[in-house]
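Undergrad: predicted coordinates and the sequence they were generated for:
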Amino acid sequence: MKVVIIGGVAGGASAAARLRRLDERAEIIVFERSGFVSYANCGLPYYIGGTIAEKRELTLQTPESFWNRFRIRVKTKHEVLAIDPAAKTVTVKDLSTGKTFTESYDKLVLSPGAMPTRPPLPGIDSERVFSLRTVEDTLRIHDYVRREKPQSAVLVGGGYIGIEVAENLRELGLDVTIVQRPEQLMSTLDYDMATFVHAKLREKGIRLELGRSVSGFKERDGQILTLIDSQDPLPADLVLLAIGVTPDSGLAKQAGLALGIKGSIVVNDRMETSVPDIYAVGDAVQVKHAVTGQDALIALAGPANKQGRIAADNICGLDSRYRGSQGSSIIKVFDLTAASTGLTEKAAASAGIDADCVVLSPGSHASYYPGARPMTMKVVFEKQTFRLLGAQIAGGEGVDKRIDVLAVALHAGMRADELKDLDLAYAPPYSSAKDPVNMAGFMVENLKRGLVKQWHWDEEPSLARDGSITLLDVRTSAEYERGHIDGFRNIPVDELRERLGELDRDKPLYVICQSGLRSYIACRILAREGFDCRNFSGGYRFYAAVTKERGMGSCATPCGMDR
């Protein structure tokens, strides 16, 4: 059996290695257009900033190491120009010599990845406008920064690549601006959770121009101007385009393969395309979202590697199935970590799912053990069934641990209230006896049992201030004085039982505290006394972070994050 693989990064390299482990006799050839194979895409921004010091550390394998260990022929700087499914051949161009030749195959695996989106804007071909996809792209940016010593940069786009490059350039001392059309960075987060990323970037001196449309670029006086509709241009010494990716599916289209979202390659759960003996994996393929079952594009390294393995299994006669992608992801933003898995509230609504969430601010480990830091956790679930739909976390230490636990729970099809039953490891330096994941489960269980009602930050502007409802802040008087929401009166929770006579039992109560715990305790006290009480999800700390970003809050004093 002869297998040809187009693309030698995550999916293609994984497929090649798995094929050899399953079939020692197969002839395996990998064609890679760039000069590097099996390289770490996710590490590319960190070479620009110098965190990864040696470029050789970006490549996990070389053509020589592939041959020595696996007897796989890897041809870098070889571009496949065409596929002939009827003849079962590919036309290949050696980019070093310019010569073309034909290679036959029994099975073909497409792993072309996705290209940085480059809209036809004026000036986009300037040598000062960069994109980042390959090792060569990284080397160009790295060398430009070292050679030209730029003082400023504009990043167009606020996804993973844009934020990671922004951080690395800022660490090198550049003035950095991120500009994009959406009003929030990181579409994998809901707006309220993205505000923590916004705040961290601003704290580190990165300027954010959100809700701005870029109309082109223009060189002037040794700089590159980023032209923005209805605003003065942004001058800088370099620009990085990071506005998303587009499936690199030109070969598939030419070969007559069925295409899906944004021209992606349609595959089944065995990674088979619409044409016999042709498989496709990685960022170029359309997958099923593991939570909604709907078609989706999810460009991440983890799914690409698994898909490569599955394609190889099926080529070799095994029966492996891809169960879909739930989009688990994580990013470092200076000393903040932001992570997500499954659906956001916004995505759930787009999928037609009636969703709710709980928000909590637990410590990274036991509060009495030194060094604990708060994290903000948002767990999304289906209202009627309490099925777990997704989660988002922003914080420091321990975020990665919790998001992975939640990703496993999501994969297993757990209800959100069942998170309370997970038996998770505990020692004071690592967690609390009630782990944050367990706490989220307790909160959902309370909602399910009707022990508590809740309200959310975006409901605050519509709360009546005419006396028809009672707005209550149960923090200490000192906390209240440092910042509170206009119209909320202060009765500390420890004084509440003695001061119930000050509250009208016929009016609904909306209660808030710093994190949501004391207001929950207050609501239990009030509910037992016959009050109709609603607890704020996330606490004042969360409210202040979100509304300070938007400038929409009704804080009687400046909304600050009291940590």
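TA: Noted; the coordinates are in hand. Predicted model, so just to flag it, every value in this text is computed and none were measured.
Undergrad: CA only for contacts and neighbour counts going forward, please
TA: Fine.
Undergrad: low pLDDT regions in the stretch 151-300 of the chain?
TA: Of all residues in the stretch 151-300 of the chain, none has pLDDT under 70.
Undergrad: ranges for the helices of it?
TA: Here the stretch 151-300 of the chain has its helices, by DSSP state H, counting those that start in this stretch, at 160-171, 191-203, 250-254.
Undergrad: pick the most buried one from these.
TA: Greatest average neighbour count among the helices of the stretch 151-300 of the chain goes to helix 160-171 (a mean of 23), per mean count of other Cα atoms under 10 Å.
Undergrad: what helices or strands is that helix leaning on?
TA: The contact analysis (3 or more Cα pairs under 8 Å, 6 or more residues apart in numbering; DSSP states H and E) places helix 160-171 against helix 44-48, strand 152-156, strand 175-180, strand 329-333.
Undergrad: can you lay out those as a markdown table showing distance to Ala236 and mean neighbour count?
TA: Putting those into a markdown table (distance: least, Cα to Cα, whole Å; neighbours: other Cα atoms under 10 Å) gives the following:
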| stretch | distance to Ala236 | mean neighbour count |
| --- | --- | --- |
| helix 44-48 | 17 | 23 |
| strand 152-156 | 5 | 24 |
| strand 175-180 | 9 | 23 |
| strand 329-333 | 22 | 20 |
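Undergrad: distance of the closest residue in space to Ser187 that isn't next to it in sequence from Ile330?
TA: Leaving aside its sequence neighbours, Ser187 sits nearest to Gly159 (Cα to Cα, 6 or more residues apart in numbering; 7.3 Å). The spacing between Gly159 and Ile330, counted by Cα to Cα, to the nearest Å, is 11 Å.
Undergrad: related to what we said a few turns ago, let me see the contact set for the residue nearest to Ser187.
TA: Going by Cα atoms under 8 Å, 6 or more residues apart in numbering, Gly159 touches 185-187, 242-244.
Undergrad: how about Leu463?
TA: Contacts of Leu463 (Cα under 8 Å, 6+ apart): none.
Undergrad: okay, it and His456: tell me how far apart.
TA: Leu463 is 11 Å from His456, by Cα to Cα.
Undergrad: including distance to Gly467, could the helices of the stretch 151-300 of the chain go into TSV?
TA: Formatted as TSV, these follow (distance: least, Cα to Cα, whole Å):
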stretch	distance to Gly467
helix 160-171	45
helix 191-203	29
helix 250-254	64
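Undergrad: do you know which of these lies nearest Ala13?
TA: helix 250-254 (18.9 Å; Cα to Cα).
Undergrad: which elements pack onto the closest one?
TA: Using 3+ Cα pairs under 8 Å, 6+ apart as the test, helix 250-254 ends up in contact with strand 78-84.
Undergrad: now do the buried residues in the strand it packs on.
TA: The neighbour-count check on strand 78-84 (16 or more other Cα atoms under 10 Å) flags 78-80, 82-83 as buried.
Undergrad: which other helices and strands contact that strand?
TA: Right, strand 78-84 is packed against strand 27-32, strand 89-94, helix 250-254 by 3+ Cα pairs under 8 Å, 6+ apart.
Undergrad: out of these, deepest packed?
TA: Most buried among the helices and strands packed on strand 78-84, given mean count of other Cα under 10 Å as the contact rule, is strand 27-32, at a mean of 22.
Undergrad: what pairs with it, parallel or antiparallel?
TA: Partners of strand 27-32 in the sheet, by DSSP bridges, are strand 2-6 (parallel), strand 73-76 (parallel).
Undergrad: can you show me the CA trace of it as PDB?
TA: Extracted in PDB, the C-alpha atoms of strand 27-32 (Å, rounded to 0.1, in the frame of the first residue of the first chain):
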ATOM      1  CA  GLU A  27       5.200   3.200   1.400                       C
ATOM      2  CA  ILE A  28       4.500   6.600   3.000                       C
ATOM      3  CA  ILE A  29       5.300   9.900   1.400                       C
ATOM      4  CA  VAL A  30       4.600  13.400   2.900                       C
ATOM      5  CA  PHE A  31       4.700  16.500   0.700                       C
ATOM      6  CA  GLU A  32       5.000  19.800   2.700                       C
END
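Undergrad: tabulate the helices and strands packed on helix 160-171 (CSV), appending distance to Arg128.
TA: Below are the helices and strands packed on helix 160-171 laid out as CSV (distance: least, Cα to Cα, whole Å):
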stretch, distance to Arg128
helix 44-48, 15
strand 152-156, 10
strand 175-180, 15
strand 329-333, 25
